[in-house]
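Visitor: could you work out the structure for the sequence below:
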Amino acid sequence: MVDAPRIIPEDLAPGDARALAVDWSRLRVERVRSPDHPLFAPLYDRLWAEFGPRGEMEKRDVIADRLGWDPRQRVNHHALLYEMLAVLDGDTIVGLRDHTAIVPRPPHRGDHPGQVIVHLSHVIVEPPLRGGGLSGWLRALPLQAARECAAAAGEPGGDTITLVAEMEHPDGVTPMIMARLRSYDRAGFRKIDPDTVHYVQPDFRPPADIDASSVQPVPLSLVVRRVGRESEPALLGAEVRALVGALYTMFGVHTRADHMARGGKEMSQHVRRSEGFADDGGTQIQQIVGPADADHRVQHRPPLGD
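Guide: All right, here's what the predicted structure looks like:
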């Protein structure tokens, strides 16, 4: 039996204070760490219904396999721990998310710990609870998976955590995109300069579809919360390389090597660029929604994760 996550106010992002108003008297959080868990099917089906048609959700067998990752067993020198979370009101799922904790090349020396990375994959807050702060908790609860993964991997730097999410580039007009970006911006997440780091997500289509056409990686931006370091204005080049390398290690487990390689020129562009960073300067991190984007005040409903 896997213990439920704890509600730790100190884990909330700086801009997520309204999450403190969430009434937990009727709510509970359950972890899913096995495809045999009775909540696995309804959680996966809900995520697939929302993100699958957009090409933003992995197939069921991929997610089931990720649930078997053991951080004590390295994958390409990385410790991986994947889980799904369900927030329930009685037996009704009112919020859900999935994420992967990643420790690159553990363990490090105690006087020079490495970073722990959490890839925030998908999140949904159902309409009755949107806008009430639950999304803040769904951004904070993954920190507990990061600490667990670090401990299992023997990593002494379990408090050096970076949360990272892949985001669409702001277009100023698409309501759901702009609402999601503003939600993370208000929480205190910051965007890695996309002019310096040209990040792309691997092609999630079935291999046969890729073979019949070509690799089509998706250009996205990376937004991060460096826990306890939210006010620092830049990331060192080594930190960027470790972060992107961690994401590609995770994706590479279930993406054919030739598909990663065939898209390698575009996929690795940001890595080659980051190798030129001076480690005393790095790359800037900035507001997710800049002044030009803020001028587009479109009417929208709260985003899925807000």
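Visitor: low-scoring pLDDT stretches of the chain, where are they?
Guide: 1, 109-113, 157-158, 261-284, 288-306 (pLDDT under 70).
Visitor: ok, the residue nearest to the spatial centre of the chain - contacts?
Guide: The centroid of the chain falls nearest to Leu120 when counting by CA atoms, centre = their mean (1.7 Å). Residues near Leu120 by CB atoms under 8 Å, 6 or more residues apart in numbering: 97, 99, 139, 142, 163-165. Every C-beta, even on glycine, is put in place using the N, C-alpha and C of the backbone.
Visitor: and the closest residue in space to it that isn't next to it in sequence, what helix or strand is that in?
Guide: Distance criterion CB to CB, 6 or more residues apart in numbering; nearest residue to Leu120, sequence neighbours excluded, is Ala165 at 4.2 Å. Assigned by DSSP states H and E, Ala165 belongs to strand 161-167.
Visitor: helices or strands next to the next helix or strand after that strand in the packing?
Guide: Once strand 161-167 ends, the next helix or strand along the chain (criterion: DSSP H and E) is helix 175-187. In terms of contacts (3 or more CB pairs under 8 Å, 6 or more residues apart in numbering; DSSP states H and E), helix 175-187 is packed against helix 134-140, strand 161-167.
Visitor: adding neighbour count and distance to Arg74 as columns, could you present the contacts of Leu120 in CSV?
Guide: Shown next, in CSV, are the contacts of Leu120 (neighbours: other CB atoms under 10 Å; distance: CB to CB, whole Å):
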residue, neighbour count, distance to Arg74
Arg97, 24, 25
His99, 26, 19
Arg139, 29, 27
Pro142, 24, 21
Leu163, 24, 22
Val164, 23, 20
Ala165, 23, 24
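Visitor: okay if I get the residues you listed as JSON lines plus distance to Ala153?
Guide: Converted to JSON lines, the contacts of Leu120 look like this (distance: CB to CB, whole Å):
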{"residue": "Arg97", "distance to Ala153": "22"}
{"residue": "His99", "distance to Ala153": "16"}
{"residue": "Arg139", "distance to Ala153": "23"}
{"residue": "Pro142", "distance to Ala153": "16"}
{"residue": "Leu163", "distance to Ala153": "18"}
{"residue": "Val164", "distance to Ala153": "18"}
{"residue": "Ala165", "distance to Ala153": "22"}
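Visitor: now for these, which pair is the farthest apart?
Guide: Farthest apart among those by CB to CB are Arg97 and Val164. That separation is 14.1 Å.
Visitor: quick one: the strands in this protein, in order.
Guide: Taking DSSP state E as the test, the strands found in the chain are 27-32, 78-89, 92-104, 116-125, 161-167, 190-192, 200-201, 218-219, 221-226, 234-235, 283-286.
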